[in-house]
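Participant: Coordinates only, no sequence provided:
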């Protein structure tokens with residue numbers, strides 16, 4: 001997480017940012033890659049790597065995602081250099097997606113976070129039940 005802070009004059013590339021500063025580029029990146037849709041999209045594309053997937057296939061493999069949310073997620077990942085997009089000049093155009101090397105390097109940390117969530121979900125559920133108190137009928 002080394003980066004210069006945006007909005008600061010004199011900041012040098014490679015300088016460590018301040019994650020607590022809302023203008024810190026690292027914080028802004030974490031906001032983008034920390035969504036459930038990003039995690040699921042990266043997981044599905046990593047599972048297909050090195051092959052590409054078309055938009056419709058991605059949508060089929062990610063239950064609950066809307067067409068708009070998948071489109072926004074893919075645009076964000078492509079803008080950040082995590083996903084490569086290839087368009088075939090057909091009618092209609094066939095659009096293919098794959099993770100870049102940078103995107104593949106994100107799969108490990110996201111997989112660790114998913115594993116942590118799966119491992120501790122029952123503890124979290126118990127804590128929520130205790131915090132919510134007895135259900136009133």
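Facilitator: Happy to help now that I have it. All values derive from a computational prediction rather than experimental measurement.

Participant: all strands of the protein, in order?
Facilitator: Remark: strands assigned in the chain by DSSP state E are 53-54, 83-88, 94-99.

Participant: which other residues reach the second one?
Facilitator: Among residues not part of strand 83-88, those counted as contacts by CB atoms under 8 Å, 6 or more residues apart in numbering are 41, 45, 52, 74, 77-78, 93-100, 103. All C-beta atoms are positioned from the backbone trio N, CA, C, and that covers glycine.

Participant: can you tell me which helix in this structure is longest?
Facilitator: Secondary structure assigned by DSSP state H gives helix 101-132 as the longest helix of the chain.

Participant: Need the residue closest to the centroid of the protein.
Facilitator: Nearest to the geometric centre of the chain sits residue 38, at 2.5 Å (CA atoms, centre = their mean).

Participant: so it makes contact with residue 29?
Facilitator: No: between residue 38 and residue 29 there is no contact under CB atoms under 8 Å: 10.8 Å.

Participant: Provide a list of residues in contact with the residue nearest to the centre of the chain.
Facilitator: Going by CB under 8 Å, 6+ apart, residue 38 touches 32, 73, 76-77, 110.

Participant: repeat for residue 49
Facilitator: Applying CB under 8 Å, 6+ apart to residue 49 gives the contacts 98-99, 104.
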